[in-house]
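Trainee: Requesting a structural model of the entry that follows:
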Amino acid sequence: MRKTTGLLSVLVLGAAVAGPVASAHAAPATASASAASACHRLVVKANSSNNKALSADNRHSYKKAIGHNKATQKYADQAKAACRRARHAAEIRRSLDGAQDGAQAAERYNKRAYVEHDSRAGRAAADAERNAKARLRIALHYS
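Mentor: Below you'll find the predicted structure:
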C-alpha cells in the first residue's frame, strides 16, 4: 500500500473545508464594497445630470435645464443617504450639500430666464451650475 494517498486525501479534504470558510469571511467585504459602489454611482449620476443642465444652459434651453437641475438635486440627495457610512462621509456630505444648493439656485435662475427671457438670469444659472460642478468633483474625489 502506498502511504501518500492518505496524505493526499487529507490535503484535499482540508482544502474543501477551508474553501467555504474563506468565502464566508469575504461576504461582509463585498457588502461594504457594494455600498461604496452605490455611493459613487449616485455621485456620478448627479455629476452627469449637472453637466447636462450646464449644456442645456449653454444652448439657452432653460426648460430642459430646469429638469436636469431637479434630477441633480434628486441624485445628490440619494447620494447623501448612500454615502453616510463612507470613509470620508463628512467631506462628501458637505460637497453634496453645496452642489444641491447650487442646483437649486440654478433652477431658480433658469425659471426666471425661461419666463422673463432674461439672459442675465441664464448666465447666473450657468455660473451656479459651474459651482455645483466643482462641488460634485470634490464629492467624486472622495466617493
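
Trainee: just for the protein, where's the confidence low?
Mentor: Across the chain, the ranges flagged by pLDDT under 70 are 1-32.

Trainee: need the helices for it, in chain order.
Mentor: In the chain, the helices defined using DSSP state H lie at 4-58, 62-82, 89-116, 119-142.

Trainee: So for the second one, what gets flagged as buried?
Mentor: The neighbour-count check on helix 62-82 (16 or more other CB atoms under 10 Å) flags 62, 64-69, 71-76, 78-80, 82 as buried. Every C-beta, even on glycine, is put in place using the N, C-alpha and C of the backbone.

Trainee: One more: stretch 89-106?
Mentor: In stretch 89-106, the ones that count as buried by 16+ other CB under 10 Å are 91-93, 95-96, 98-106.

Trainee: what does that stretch contact?
Mentor: Defining contact as CB atoms under 8 Å, 6 or more residues apart in numbering, one finds that stretch 89-106 is touched by 39, 43, 46, 50, 53, 57, 65, 69-70, 72-73, 76-77, 79-80, 83-84, 86, 124-126, 128-129, 131-133, 135-136, 138-139, 142-143.

Trainee: count of neighbours near residue 113?
Mentor: Here the neighbour count serves as a burial measure; for residue 113 (other CB atoms under 10 Å) it reads 24.

Trainee: Residue 70 - nearest residue in space that isn't next to it in sequence?
Mentor: On the basis of CB to CB, 6 or more residues apart in numbering, the spatially nearest residue to residue 70 that is not a chain neighbour turns out to be residue 107, at 6.6 Å.

Trainee: Could you pull up the contacting residues of the residue nearest in space to the middle of the chain?
Mentor: Centrality entry for the chain: nearest residue to the mean C-alpha point is residue 43, 1.9 Å, by CA atoms, centre = their mean. Applying CB under 8 Å, 6+ apart, we find residue 43 in contact with 75, 79, 83, 92, 96, 136, 139-140, 143.
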